[in-house]
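Engineer: Sequence isn't available, so here's the structure alone:
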RNA sequence: GCUCAAGUGGCGGAAUUGGUAGACGCGCUGGAUUCAAAAUCCAGUUCCUCGGAGUGUGGGUUCGAUUCCCACCUUGAGUACCA
């Protein structure tokens, strides 16, 4: 019987589906374990070999946990709203729902064929109204909440309204807009409804406000900070500009500190936590108030170094700072205005790219130092950002390099307030070594003591207090797109109103065009049935809008991260129509025990979802405030591109008038790889230039040649399927693939082959290095694919794919098969296992278990290979050995394991068979092959009984002839003996 | 610039508390089988001058360092004037 993997795999995939083998129960005697993969977006291109890496790892772990007796939740679904489907719709007119549906079908087929143990009964799709109903519902909860800093959690907005009515807002310690004005209870009651609603928006956790947003004209939408990479859009690489727009925002800044602290409680990779810490960007310091001389105005600055206050020699405001126009003296007016204008002209990218140029202008105004009362000049400079802190800094040139550079550039004095610091060349910014000098009451103190003292003094003066700042900005939540969740919002007198939760979902309307309207409104502006009837509580035709009972609906949709910010909770109770998940389900599953996905979501999905979870926790809607205990980032599988080289010439001639002419062009020649590095011109052109008559040569030959032509090689990506494991190119295949190479000449290696150069790059269609799992499954089987993906290297690492290597793991599976069956049938019998058999098995159990718990899947594959090699050599046929071996292997290669398990006579799936118990007694050795080292270098080994003590070992080793040979008569200075480990002779 | 990873044969990688560097697999070489090929099996495969050298480089700690410490180099990722 041969190992017919295609047949076996189809058989068991069908069996698992039919028997719902991997269905998780919401109540069980067993302990729970929740294994989750990051939500995939079903793209049109389908899966390539890199995508399933994380899924295979999580699947192995999920299957392992089932063997360990856990009730495992291992769901899968689709983050099915998103830009690509919409871009496709714009181009083709196809409804995104249709293309999404098709893409999901492809994904599902591909996932099924790899043999994942997903519980598909819990599948969710973010674009499904029964799902986004609850995304809308959570949005409403956010709208109806504010953040109370006193209780340090989100609370219901009705509480806030009550307090406004009883005491005004002056005593309320809330996270809210900076521009909030104080009012009394009486004033509140006197405000009209619109005014009241405007004020409440400044407190709500999701709010509508005019904000400066990242507008991407090419995509016709705003983007969040994390959707912009190097100043251009993450998707498509389009330019992004700043623009003021009225948008929904999420007050994630309220959770900055808790998001930061929460990182300490979860087992996520250190680099990912570090990325989130940087993104949150906490800095501890103080607010200091400076009075402007001869004026009522005050400038508040934020500084992390209040201890350096006696080193201030100027102030710098952002050019956009609101006080600039008011404090500038008439004499400086022209200069300041010029400077502001010049800064405004510079694009965001310019300012980002150009860090070196120092620029600024003096306002003519002076502030008064809070302690010395000395005058300090006020400058403006574009190195100060309007959006961070207060948009103003107290400049301490001796302690901050940017201030230092600015001072040098404008000849501003640089007082030194650090004991023993040399500031002749650069600022002294090392706060750990700081001892303050020339600073009145701070003299002799270190950074910590001085900071504490100065804040206390400032508070006495009423000119400052300790303050913590965060870089984390509120997240823009509106997108001017069609294919996203509609907001459950309509507008009355321009103020947003929530639709009552019982009328959800508000379904996405049909539109004729997916582009913005002619008046520049988002695509939903094209919908003709998109108004809210407050009496019938349904979506009605726009014609009926009367702004009395029928109102216009919100035209924006939610961003991609809305649906993915809470989906892990939905899997716990995926079909609940009354709640986003029942209390019972939430309390049973609680959180994700293992979350696997890419690190590219570090500041997007993984931060927003933590924020939503904390909010839901505050509202008592979920039982834990961090939803994923452990998170692993799988590395990316890179493609191994194949490159052939096209010959290119650059000629330089002088014509009859003495003018230099340069001519260059490609030859119809592809060059095999070994010629690229050692290129011998004469070898190529023995008769140059006679054999280059095919282009320009007649005309050129009459000219004076200045130098030999420069030959270069232009790399061409070749489809990797045209190249074999030895990098040999199928030339005929290439000619069939691309007709332009039909008449090319090929410069071959001496052995007559054409070899391509290999380069490791990201897998992408345009590089023709994409390997499709479908082909691999067909040719080698899913079990081989699964094993090979794991065998490639550590899960977290980036590593190149090379299809050639798969024959190794495939050969292993065949060898495994032959251990159980041959052409006559089953080989396994009831033979008593030998000592060696048991040793191999238990060694394998131990290592396999350790590896799987350390997520070291690559080494466990090696372990299985060693076990099968050993058992084959031992001619093992014992069921007592071969049966447990199948269980060890089944998480990795489930199909072959099920098939052999069945052949051994089992009628139930192997998937819940108990994991074999490790018995250390089988590994006890009676002797040890000691490595004998001289000065730390191993020279030979020696077999000695395990129970020898150090002295016996030393005697035996010293008596050995090779020892004497090594020592050549010298007496060893020292002999190090670690019984059971090593012997090292020094001398 | 700052932060975080990572540098080991021709290639992917292993060495879990400092103790035989290169497990396992690919590739390559030779052999068996075959009319031949595929498949399969067996043997070898870090490097060189066969005595050594050797885990990015240079130091250090140690009887002993891929592993610990210091400095540096390279590559990748994140971040970008954050006061």
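Structural biologist: Cool, the structure landed. Keep in mind that what you see is a predicted model, and the values were worked out from it rather than measured.

Engineer: Point out the residues in the stretch 201-350 of chain A that sit beside RNA strand B.
Structural biologist: A:225-226, A:229, A:270-271, A:274-275, A:278-279, A:281, A:283, A:285, A:302-305, A:318 (CB under 7 Å from any atom of the strand). In short, each C-beta sits where N, CA and C put it, glycine included.

Engineer: what's the answer for the stretch 701-850 of chain A, then?
Structural biologist: Residues of the stretch 701-850 of chain A lying near RNA strand B (CB under 7 Å from any atom of the strand): A:725-726, A:791-794, A:797-800, A:802, A:804-805, A:807-809, A:811-812, A:814-815, A:847, A:850.

Engineer: Narrow these to those in strands?
Structural biologist: Of those, the ones assigned to strands by DSSP state E are A:799-800.

Engineer: Now, of the residues of the stretch 701-850 of chain A next to RNA strand B, which are buried?
Structural biologist: Among those, the ones that count as buried by 16 or more other CB atoms under 10 Å are A:791-792, A:799-800, A:802, A:809, A:812, A:847.

Engineer: what about the residue of the stretch 151-300 of chain A at minimum distance from RNA strand B, how many neighbours?
Structural biologist: Per CB to the nearest atom of the strand, the residue of the stretch 151-300 of chain A with the smallest distance to RNA strand B is residue A:271, at 3.1 Å. By other CB atoms under 10 Å, the residues close to residue A:271 number 12.

Engineer: again, but for the one 5 residues further on
Structural biologist: For residue A:276, the number of neighbouring residues by other CB under 10 Å comes to 20.

Engineer: Quick check: closest non-adjacent residue to residue A:756.
Structural biologist: Of all residues not flanking residue A:756 in the chain, residue A:642 sits nearest, at 4.1 Å (CB to CB, 6 or more residues apart in numbering).

Engineer: Verify the assumption that that neighbour is located in a strand.
Structural biologist: Yes - assessed with DSSP: H, G, I helix; E, B strand; the rest coil, residue A:642 lies in a strand.

Engineer: Wait, it touches residue A:717, no?
Structural biologist: Yes - checked against CB atoms under 8 Å, the pair residue A:642 and residue A:717 is within contact range at 7.1 Å.

Engineer: can you pull out the strands in the stretch 351-500 of chain A?
Structural biologist: A:361-368, A:375-380, A:392-395, A:464-470, A:475-476, A:489-492, A:495-498 (DSSP state E, counting those that start in this stretch).

Engineer: circling back to that earlier point, which ones among the residues of the stretch 201-350 of chain A next to RNA strand B are found in helices?
Structural biologist: A:270-271, A:274-275, A:278-279 (DSSP state H).

Engineer: Pick out whichever of the buried ones among the residues of the stretch 701-850 of chain A next to RNA strand B sits closest to residue A:295.
Structural biologist: Nearest to residue A:295 among these: residue A:799, at 63.8 Å, using CB to CB.

Engineer: which residues touch stretch A:752-762?
Structural biologist: A:636, A:638-645, A:670, A:672-674, A:676, A:715, A:718, A:723, A:726-729, A:731, A:746-749, A:767, A:769, A:800 (CB atoms under 8 Å, 6 or more residues apart in numbering).
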